[in-house]
Each structure stands twice: as C-alpha cells, then as structure tokens.
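Enquirer: give me coordinates for this.
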Amino acid sequence: MLIGDPGIGKTALLEYAAAHAPDFRTGRTRGVESETELAFVGLLDLCRPFLGLLDRLEPQQADILRATFGLGGEQEATAFAIGAATLSLLAAAAEDDPVLLLVDDAHWLDRGSADVLAFAVRRLDADAVAALIATRPSEGRPYVRRDFPELELRGLDEAAAAKLLAREAG
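Expert: Numbers count the residues shown, from 1 in each chain. Predicted coordinates:
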C-alpha cells in the first residue's frame, strides 16, 4: 500500500515500478470517482490483460468472470466465487511470467472490485504476483484493516526537493 496525500507522487511511483519491471505482465486499474457505483469496473480493467487465459480456469470459474465482466453468461455469483475465480486467473497468469498489479486511486474503486482484489492479493503468497496499491490517507480507503504492508509517503524537505529539481530540470 502506498498511502499519501494528493500530488505526493503515488502515481509516479507506480509508473516507476512499471518501467522497471519489463519482464512482468502488468495489470492496471485506476479508481474513478464517477465510477464508484459501477460494480467490478476496476476489476475488469485490472484483469483485462489476462482475459485470454480464461480457458485455463475451471469452466465454472471462467463463466463466473465472463458474467461478472459482461462478456457473456447470466450466472449470478457470490463475492467469494468472484474472488476465487480472480485468484485463479492471476495465478494462471503468473505461471508464464511474473505479474505486477498496479492500482491507482484505490480509494475510488467500486466496492466489489476493492473487496475481490483484497481477497485475491491476500492469497497470492506462493505465486509470482506483486501488487502496488496507491490510496489517500482517509478512513474510507477500501484496504484499511486488511493487513497489507503500508508505506506512508511524505513530502520532501527543502534540500531534497531542490536536489530533485536540479537533477530533473537541469
């Protein structure tokens, strides 16, 4: 978890991670305030690069994800079933290459996506999957009390800011 105020550099850190992980298959999503009521929209964005692997899953799990993402089927699924299917999809993706999941503005993810993502990430210990989740330090963030390691980002002091500006701007 990368936790920090708006503009502190969370997105830049996610971009840095993506740029320095060329051998990883990367799934990305970004919470959008106006989409917080659209069920599983964040999860769909995150899983989109891995949807070609649905046929590797148990047929029922593949059908659950297809229905959840509006890709066919009418199957109603519980949050647990969607979480288990997502876990299987990410594990299948990690069989070929390591996987990097990048979630920006997690505080604006729809509740279903946040819950399923937390469920899956907590259970990926033996798989080659890394997740970086950026959010603001507020009580409403979707991952509070989920026992994820947290890094709280703070601003640079004046000397460090001047050094960074000199290095980046010449």
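Enquirer: how many residues are close by residue 5?
Expert: 14 (other Cβ atoms under 10 Å). Backbone N, C-alpha and C define where each C-beta goes, glycine included.
Enquirer: give me the secondary structure label for it.
Expert: coil (DSSP: H, G, I helix; E, B strand; the rest coil).
Enquirer: ok, residue 134 next?
Expert: strand.
Enquirer: please enumerate the helices of the protein.
Expert: With DSSP state H as the definition, the chain shows helices at residue ranges 10-19, 41-47, 59-68, 79-96, 111-121, 158-169.
Enquirer: and the ones you listed, which is most packed in?
Expert: helix 41-47 (a mean of 24; mean count of other Cβ atoms under 10 Å).
Enquirer: relative to residue 16, how far out is the spatially closest residue to residue 138 that is not a sequence neighbour?
Expert: Take residue 138 and drop its neighbours on the chain: the residue closest to it by Cβ to Cβ, 6 or more residues apart in numbering is residue 107, 6.2 Å away. For residue 107, the distance to residue 16 (Cβ to Cβ, to the nearest Å) stands at 21 Å.
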